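Asker: What follows is a predicted protein model with its sequence.
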Amino acid sequence: MSSTTNHDRRISVRTVVVVVLGLGALAVAGAVVLLPRLTEPSGAFLFDSPAVILAFVLAAALSELVSVPLMHGADKEDLTFFEIVTVAGLLVLDPEWAVVAPLVGLLLVQLVLRIPPVKAAFNLGSYSVATATSVVVYVVLVNGATPFSFRGIASLVVAMSLFTIINTLLLSAVLYAAEGVRPSALVRDVWGLSVLMTAGSIGVGAVGVAVAPVSPWLVPFTVMPAMSLWYAYRSSSSRAEERERNRHLVTLSGLLTDERPLAAMLDDAAQSIRAAFGAGRVQILLPSDGDLTTTFPASEGVVPVPVTRLPEGWASGVSVGLELGDGRRGVLLLGDVVGAKRVWAPKQSDEAVITTVAASLSSAVRSAERHAALVEESSKLKAVVENASDGIVVVAAGGRVRLWSPAMSRITGVDEGTASLADPAGLPQAVAAIVACADPDEPVIGRGPAESLSREVTFVRPDGDSRDVSVAVVRANSGGEPVAILTVHDVTAQARADRLKSDFVATISHELRTPITPIKGYAQLLLARGDAMTPERRRAAYELIADRADHLGRLVEDLLMASRASGTLGSRLTTSPQQHDVRTMVTTAVESFPSLAPRLVVEEPDGPLAVWCDSARSVQILSNLLSNAGKYAPGDSPIVLRVVPTEVGDTHVAIEVVDQGCGLSDTDRERVFERFYRVEDSMTMRTSGSGLGLYIARELASAMGGSLTVRSQPGKGSTFTLRLPRSEAAAQTSTPPAPPTAFARTA
Amino acid sequence: MPRILIVDDELTVRMLLRDVLEIEGYEVVEAEDGPEALALMAQQRPDLVLLDIMMPGMSGIDVLAQVRSDVALHDLPVVLLTAAGDDDTTWAGWTTGASLYLNKPFDHVNLLEWVERLLSEARTKQAV
């Protein structure tokens, strides 16, 4: 028996082969030395004439040429009639020649067939060991008896059994090294056939030899048992092959029906197809691998492919088309590589099976592609639901939540687990309020099932925050059951802004109507009863009308500016910053309050101090601060306007207005910059002031890159600090503190 | 002469109302806020009250509620005179028992007519 393998794993195989070859050489040498000392079997059959020896050599060579392949898993074994020749040699030749002649024949045939050196070496070595050993054993056991006596035949049986066993063992050693095939598995596989072969070889060989002297013309007919033996080998081996192939095809069909990623499935399928049909290479090409229509034109069935169109390294190949749907085609290629001993081609009987396999493969690829598309689609949808900034809720019949997107958890503070609880009574208010929108009994505005209804819902989160959302409801059918799909948009900020706006509007309307009342009232009074009024009364009336009209005018200006500041009119406060000297602005502000002059103490630097600001706006702020100080600080207490000395690296200049009035409570201090907030002071009369002055002043300060802050203590007075930015260059200098001037600078 | 109590936190409004009413010969007393008004009413019952709603602390509605629950004052004519014109406040005013609800700025003639009418109705009731 000789063996070939489809894989090249030379490393440990080499070692085994070398060992076997060595053993073989030893065995032959030993036999040649030993045999002459032993008693030869008796009988007239022993020849050592050159012709006979040569005949045996040729016979051995020929026996190797007629072979039947037998598959061991992925390996192939070739069964030959070498054993028959060995048996005949044992019976006919001088024992030394019985060892050497068959081996010479074997060597010759390995050279003629150009068997790769490793395989040849193994075969030679293995057969050398087996032949030498069995010949020696035979001679020893026969011990001079005639070959056809009972002893003779018994010794023959033992010797040939040993021959088979040795070959099997050495084969299993090399298969183990090459494939990791366990010796026990191999033995189990081959023992039946081996027994058959041993018996058969003995039968054919011995009978042939026995018949030859009686009637040489009968010898050819002894071929008949050999033929039946040969057919037995062949059908056994083709059955074994068939079994192997079916095993691979079953594996393949398992692979094709599995739900696996396409690439992995194709790899495993290619392997199984290769093993099933014994091809050297298998490749599955899909449209994504390039344009196949030119290289592999469409055709029916299994078609040979010219070498030029085959992939690199292939020596031969056939192709089968794969129908992948939508007019797309793939190709299944089976072939062999350059350097293979025997070029693989599909057997006639295999072609139908290959075509069927191609059809199954096509349908498997189609399903895998569909599956991949579905997965991608579904993960796209999942990504949309997961990442949408609006919440998405799916509510089934009975108010049961089927889907609660991550955005919903963010908006409501309730996670999916809690929201999906079966018991509606256990749901947090946030969830219940939203889910209620899905109630099919709620009237739907619009026609048809696709029309959506939008509702405003307010709820309280588990952490206590209240939120407003707008919920749009669409009804749909999911897997036969009616569901409601809710899209939830957080409008809390908007709602809050709307509420603030309506509060603002309510306050403004009150503020505007109040001064109009005396204007209109006195105008009407003067018209109706002017002549009944004293001149003083009339004068007072005119003055009040003028004063209130003034106030109303200022109020309107302030409101416009406040609106601009809050962006409701669409434009922000515009400022035109330039470099200005702080002292100039201080002077201007002070000059607009001549009545305060006696109380005013101004502290400012001797030299110019540059700030980057809008001078008119800054003066407006300072004026507001001075005016407040005048209103809220009693009588003659001093009001200090101080420019705080700057250090190197100060980014801003601070201007303080300090009064010694009643000060601000904590609440007042927090709210004093709010729109319309007026500090309640029982001592002053709340007549003028829109409540917008400080709000506007702070917005202006911010718009110029500065700030307006207050420090105050009830009963101790207040300090308002305006900070204005310095220019880059100016920030590098510092100003020395100036001595406070006891008197205000006069105009 | 009928005595009218004016309740408003705005000085200019009080001045106007005083001038308007005194020229017609009415006697006018002023209060700046709710508590002061109630105190004055307790001291001496006025014949009519002109009551602002938006005042710091106690609102006009609260004052009205107090007046209506006071046995001595409950049928006192009270005119709500306010710059707040929203529906909720109007509703609150009517349901708390205002005799009349007027918006600011008011019409001079209209106000005087109503004051006259309310006073004569009250006189008639008292006479009965």
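Answerer: Structure's in. What do you need? Numbers count the residues shown, from 1 in each chain, chains lettered A, B, ... in the order given.
Asker: mind checking the SS state of the closest residue in space to residue A:620 that isn't next to it in sequence?
Answerer: Closest residue to residue A:620 apart from its sequence neighbours, by CB to CB, 6 or more residues apart in numbering or on different chains: residue A:700 at 6.7 Å. Using the backbone N, CA and C atoms, a C-beta is placed for each residue, glycine as well. Of the three states, residue A:700 takes helix under DSSP: H, G, I helix; E, B strand; the rest coil.
Asker: can you count the residues close to residue A:700?
Answerer: Neighbour count for residue A:700, taken as other CB atoms under 10 Å in any protein chain shown: 24.
Asker: From residue A:593, how far off is it?
Answerer: Residue A:700 is 19 Å from residue A:593, where distance means CB to CB, to the nearest Å.
Asker: So the residue nearest to residue A:620 is in contact with residue A:622, correct?
Answerer: No - assessed by CB atoms under 8 Å, residue A:700 is found out of contact with residue A:622, at 10.8 Å.
Asker: Report the separation between the residue nearest to residue A:620 and residue A:563.
Answerer: Distance, residue A:700 to residue A:563, by CB to CB: 14 Å.
Asker: Please apply the same query to residue A:364.
Answerer: Residue A:364 is 70 Å from residue A:563, by CB to CB.
Asker: if you count what's nearby, which of those two comes out ahead?
Answerer: Of the pair residue A:364 and residue A:563, residue A:364 is the one with more neighbours under other CB under 10 Å, namely 22 against 15.
Asker: top helix in the chain by residue count?
Answerer: With no chain named, the answer covers chain A. helix A:348-387 (DSSP state H).
Asker: could you do chain B instead?
Answerer: Max-length helix for chain B by DSSP H is helix B:108-127.
Asker: any idea of the mean pLDDT in that one?
Answerer: Per-residue pLDDT over helix B:108-127 has a mean of 89.
Asker: same deal with stretch A:426-444?
Answerer: Computed over stretch A:426-444, the average pLDDT equals 74.
Asker: Excluding its own residues, what touches that stretch? List them.
Answerer: Residues from elsewhere that reach stretch A:426-444 (CB atoms under 8 Å, 6 or more residues apart in numbering or on different chains): A:393, A:395, A:399, A:401, A:412-414, A:418-419, A:421, A:424, A:451, A:453, A:455, A:457-462, A:467, A:469, A:471, A:473, A:475, A:482, A:484, A:486, A:488.
Asker: pLDDT wise, what is residue A:737 at?
Answerer: Predicted confidence (pLDDT) for residue A:737: 50.
Asker: So which residue is smack in the middle of chain B?
Answerer: residue B:50 (2.1 Å; CA atoms, centre = their mean).
Asker: ok, what's across the strand from that residue?
Answerer: residue B:6, residue B:79 (DSSP bridges).
Asker: ok, now how distant is residue B:44 from residue B:6?
Answerer: Taken as CB to CB, the span from residue B:44 to residue B:6 is 14 Å.
Asker: Hmm, residue A:132 is touching residue A:28, no?
Answerer: Yes - with contact defined as CB under 8 Å, residue A:132 reaches residue A:28; the gap is 5.1 Å.
Asker: joint contacts of the two?
Answerer: Contact with both residue A:132 and residue A:28 is made by residues residue A:99, according to CB under 8 Å, 6+ apart.
Asker: Quick check on these two: which one has the bigger neighbour count.
Answerer: residue A:132 (28 against 23).
Asker: ok, and for whichever strand or helix holds the more buried one, which residues are buried?
Answerer: Assigning secondary structure by DSSP states H and E places residue A:132 in helix A:117-142. By neighbour count with 16 or more other CB atoms under 10 Å in any protein chain shown, helix A:117-142 contains the buried residues A:118-139, A:141-142.
Asker: ditto for stretch B:63-75
Answerer: Applying 16+ other CB under 10 Å to stretch B:63-75 flags B:63, B:64, B:66, B:67, B:73 as buried.
Asker: All set, thanks.
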